[in-house]
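Asker: I'd like to go over a predicted model; first the sequence, then the structure.
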Amino acid sequence: MLEIVIHPNDVLRRKAEPLRKPNLSARRLLDEMAETMYAAHGVGLAANQVGSLRRLVVIDVGDGLIKLINPEIVRRDDEMVEGVEGCLSIPGLQGKVPRHKTVQMRATLPNGRTEWFDAEGLFAVAIQHEIDHLDGVLFIDRATEVWEIVDEPETDEADGEAVSAEDMDAPQDVGAK
Ligand code: NI
């Protein structure tokens, strides 16, 4: 498991470098990032957040894990939607953040293949949030409103485990209304 870098920290403000091609160390780091993301109950994690300046991202918004190398947004919807976001690197804060409603992303997969993703909803927001991390940008930079989370963990009735909103790396409710 990796330690998540907490804001403020220089590595969160630097631009990550693209990889020429997927290598063993990148694939290992992606595996460890996924483990770390799940342990923290996040829906996405960028390499900057574990102290590495390589363009690597993991995302799982509930449709399964994807590991991305050099992810790049190649098309953006003009229409913006505002949703609530948090970040594993900024515990205790949430904000209202405008994002492009849909995006198309190109990325290299760990097997070396290039893949295109058409994303909307939470997936689109997670992509924009995580690629921002690779460019040293945090949700608080884009937020129209930021607030502190009141430390009052809710109880998840299903398993009695305490869950709190600050555990999410990406938004809680995105354009769902
Ligand atoms: Ni984040």
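Answerer: Everything's here; your move. These numbers come from a predicted model, not from an experiment.
Asker: tally up the residues packed near the closest residue to Ala124 other than its chain neighbours, please.
Answerer: Nearest-residue entry for Ala124: Val103, 5.1 Å, with adjacent residues in sequence omitted and distances by C-beta to C-beta, 6 or more residues apart in numbering. For the C-beta atoms, the positions are set from N, CA and C on the backbone; glycine is no exception. Val103 has 21 neighbours, counted by other C-beta atoms under 10 Å.
Asker: now swap in Thr114 and tell me
Answerer: 10.
Asker: now swap in His7 and tell me
Answerer: Other residues near His7 number 15, with proximity taken as other C-beta under 10 Å.
Asker: where does it fall, helix, sheet strand or coil?
Answerer: With DSSP: H, G, I helix; E, B strand; the rest coil as the basis, His7 sits in coil.
Asker: how close does it get to the ion?
Answerer: 9 Å (C-beta to the ion, to the nearest Å).
Asker: who touches that residue in this structure?
Answerer: Counting by C-beta atoms under 8 Å, 6 or more residues apart in numbering, His7 makes contact with 87, 89-90, 138, 140.
Asker: neighbour-wise, which one of these leads?
Answerer: Cys87 (29 neighbours).
Asker: quick one: contacts for that residue?
Answerer: 7, 93, 129, 138-139, 169.
Asker: repeat that for Glu145.
Answerer: Each residue near Glu145 by C-beta under 8 Å, 6+ apart is listed here: 95-96.
Asker: residues near Val57, how many?
Answerer: Val57, neighbours per other C-beta under 10 Å, totals 29.
Asker: I figured it hits Val50, correct?
Answerer: No - taking contacts as C-beta atoms under 8 Å, Val57 lies outside contact range of Val50: 11.2 Å.
Asker: that older thread, ok, so of the contacts of Cys87, who is nearest the ion?
Answerer: The ion lies nearest to Asp169 out of the contacts of Cys87, by C-beta to the ion, at 4.5 Å.
Asker: now do the SS call for the closest one.
Answerer: Applying three-state DSSP: Asp169 is coil.
Asker: select the longest helix from this structure.
Answerer: Across the chain, the longest stretch assigned as helix under DSSP state H is helix 24-39.
Asker: what sits against Ala46?
Answerer: 16, 56-57, 130-131, 133-134.
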